[in-house]
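[1] I would like the atomic coordinates for the input below:
(2 chains)
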Amino acid sequence: MTTHVLTQIENFLIQEAKILDERRWDDWLDLFAEDGWYWVPIEEGQTDPKNTVSLMYDDRQLLETRVRRLTAGTLHAQTPISRTSRIVTNATLEEQADDTQIVRSKFQMIEYRRDKQRIFGGTQWHALEKARDGFLLKWKKVELVNCDSMMDGLTIPF
Amino acid sequence: MQVEKLIQEGRIHRDVYSDPIIFELEMERIFEKSWVYVGHESQVKTPGDFATTRIGRRPMVMMRHTDGKIHVVHNQCAHRGAMVVSQDHGHAKEFVCCYHGWTYGTDGKLIRVPLQQGYPDHFDPAAPGTSMVQAPRVESYRGFIFASLASDGPSLIDFLGYMATSLDDMIDRAPSNEIEVAGGVFKHAFDGNWKLYLENLCDAAHPLFVHKSSIEAAEHQDHNSHTDGAGEIGIRQMRQNGAPYKFWQEQVGIWTYPNGHSYLGDYHDDEKLVAAKRDPVFAEYIVAMEDAKGRDETQRVLDVTRWNSNIYPNLSFMSQFRQLRVVYPVSVNRTEVFTYSFRLKGAPAKMFEDTIAFANVTNGTGSIVLTDDLETYGRIGVGVSSGGSEWIQVGRGYTTDRADEHGGVRGEDSTSEVYIRNMYDAWLSYMTAENLIVT
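    Next up is the predicted model:
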């Protein structure tokens, strides 16, 4: 049973990575629940997005605005666009409560833009709730290994 | 080099942004001479607390000594030159160099040297030459710590002049008149000259173009979508950036003062962002302020509507949302910026959540707003390094600037580039100063 659920979850993670690499931002937003949120902490072990800053912390409203910006006609920070390539692996089911599964996985993302290539990687957490066609994201947390380093701007979600 | 020729009426030679020789001169003549912001006293609350910082490119450590005094020292062992303090911040009784164990006190002075034998006569463990190099002048303005590598020069209070009132506004907003650095730090970088950063922060003519993507995305945002409070404040700010030129010309102002300082004012009051009177947290804050300071003083503080205040050469802060950015030049075409948030002591705890939400949206490394600014700096970096047009135009408002009652010059309206011209008045005075005393 658990193996079967994990396979479904792994498929979800792979599909999400594919959607992001293909820059299908609206489809990515559709993966989130109506009150879903997205979080990229700036500190290792950060527990609170409200009293410490984050590389990204979006409630549903802000996530919609972020995605709308990514699909806008004029977006200087994405002219030219970034191309990305993501690998998702090592998924483990960490918690199961009611209809929600919390899954931990590892990811690496290569971002290429205007002659520069950057590599990001770390641990990601997805809280998934059962929905009619699979899962909806209650929240997603991305822990970058270099979360607190000096960085050029981040425009593409992980 | 005749740097005077690089600055003309309403225009700046592009070499000022692209020539590595000019950059080296700036490090020596501006950053090693001027007062430079190095941190806030709340980062080193108790004796033994330390926080790393920089003066220009020099790695420095701000540390509080056992006598309570704050020292700012070069992070370098006097023995063989290794970096001594390897953590960004922390607490220590003493600092031991990892190489041969030379040990320094929390004032940067040498207290122990292993194998102290056979040195020539000039070796004196008590002499300044065997300590970590001290910034000769360190002064606090109400908790904001500045250091200067020049042993002589104007006092901090003279250097700040009327702009000290913007630092006052940061503090006055706390019911207990105390503020502290809190909530983490953003560290972001761009491939452009360090001067571009402050030049953008009082630029009232850029949001409509640079921030078009976030303005439009925010304007179309449905307020019925779920929010936990984090999104709302950022979306309000993004919309505010989309105010028409008429607004920038009729309501907003730009004020400049000696030594390159300036502020953008009357951009918006608290009403527009936190919906002052309807927001229960803000109402609670007003009560705390009135209890602590009385009604008149509270009203006076809330009526101050300064947006970004720039203290040349390396500090820009925003009192209304308690944001403070420190600019670090790395090379002629590379700059790093640290952005801090401040907590108002005595204010409702929940109010700090607005500060954090605002920081994420406007000043964050992954901000929907700031990333378009960073892209712009990068494009300027490419442009000014590529030959072509010799002059950068900063002449808007040149003929209509006028004197300000506090000894400065203000623009006819906020779209004047007077704050850039004012920075270059200071730049030229630093770059051409004689009898430099640099330790």
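[2] switch to C-alpha atoms for all contacts and neighbour counts from now on
    OK.
[3] what about residue 48, neighbour count?
    Using chain A. 12 (other C-alpha atoms under 10 Å in any protein chain shown).
[4] right idea, wrong chain: chain B
    22.
[5] what do you get for A:V40?
    Using other C-alpha under 10 Å, A:V40 has 23 neighbouring residues.
[6] Show residues contacting the strand or helix carrying it.
    According to DSSP states H and E, A:V40 maps onto strand A:32-41. Contacts with strand A:32-41, where a contact means C-alpha atoms under 8 Å, 6 or more residues apart in numbering or on different chains, come from A:49, A:53-60, A:63, A:136-144, A:147, B:225-227.
[7] Among these, which lie within helices?
    A:R60, A:L63 (DSSP state H).
[8] now the contacts of strand A:32-41: which count as buried?
    Burial by neighbour count, judged by 16 or more other C-alpha atoms under 10 Å in any protein chain shown, picks out A:49, A:53-60, A:63, A:136-144, A:147, B:226-227 from these.
[9] For chain B, what is the nearest residue in chain A?
    With C-alpha to the nearest C-alpha as the measure, A:T52 is the residue of chain A nearest to chain B, at 3.9 Å.
[10] what's the distance between that residue and A:G122?
    Separation of A:T52 from A:G122 (C-alpha to C-alpha, to the nearest Å): 20 Å.
[11] Low-confidence ranges, chain A, go.
    A:1-3 (pLDDT under 70).
[12] Could you pick out the longest helix of it?
    Per DSSP H, chain A has its longest helix at helix A:2-21.
[13] Just the C-alphas of it, formatted as CSV.
    The C-alpha trace of helix A:2-21 is given here as CSV (Å, rounded to 0.1, in the frame of the first residue of the first chain):
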residue,chain,number,x,y,z
THR,A,2,2.7,2.5,1.1
THR,A,3,4.8,1.5,-1.9
HIS,A,4,1.9,2.2,-4.2
VAL,A,5,1.3,5.6,-2.6
LEU,A,6,5.0,6.5,-2.8
THR,A,7,5.0,5.6,-6.5
GLN,A,8,2.1,7.9,-7.1
ILE,A,9,3.8,10.6,-5.1
GLU,A,10,7.1,10.2,-7.1
ASN,A,11,5.1,10.5,-10.3
PHE,A,12,3.6,13.7,-8.9
LEU,A,13,7.1,15.1,-8.1
ILE,A,14,8.4,14.2,-11.6
GLN,A,15,5.4,15.8,-13.2
GLU,A,16,5.8,18.9,-11.2
ALA,A,17,9.5,19.2,-12.2
LYS,A,18,8.5,18.7,-15.8
ILE,A,19,5.9,21.4,-15.6
LEU,A,20,8.4,23.8,-14.1
ASP,A,21,11.1,23.0,-16.6
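[14] The helix or strand just after that helix and chain B, are they touching?
    As assigned by DSSP H and E, the chain's next helix or strand after helix A:2-21 is helix A:25-30. No - shown here: helix A:25-30 not in contact with chain B (C-alpha under 8 Å from any C-alpha of the partner chain), separated by at least 12.6 Å.
[15] Settle it for me: which of A:T52 and A:G122 has more neighbours?
    Legend: neighbour count by other C-alpha under 10 Å for A:T52 and A:G122, higher for A:T52 (23 against 15).
[16] how about the nearest residue to that one, chain neighbours excluded?
    B:G183 (3.9 Å; C-alpha to C-alpha, 6 or more residues apart in numbering or on different chains).
[17] How far away from the center of its chain is whichever strand or helix holds the one you found?
    Using DSSP H and E, B:G183 sits in strand B:179-190. Chain-centre distance of strand B:179-190: 11 Å, with C-alpha atoms, centre = their mean, to the nearest Å.
[18] And stretch B:307-327, by the same measure?
    Centroid separation for stretch B:307-327 versus its chain: 5 Å, with C-alpha atoms, centre = their mean.
[19] Also stretch A:122-136?
    11 Å.
[20] Mind checking which residue lies nearest the centre of chain B?
    What sits nearest the mean C-alpha location of chain B, by C-alpha atoms, centre = their mean, is B:L315, with 2.0 Å.
[21] What residues does chain A have near chain B?
    A:34-35, A:42-43, A:50-62, A:64-66, A:68-69, A:72-77, A:148-155.
[22] Just the residues you listed: which are in strands?
    A:E34, A:D35, A:S54, A:L55, A:M56, A:Y57, A:D58 (DSSP state E).
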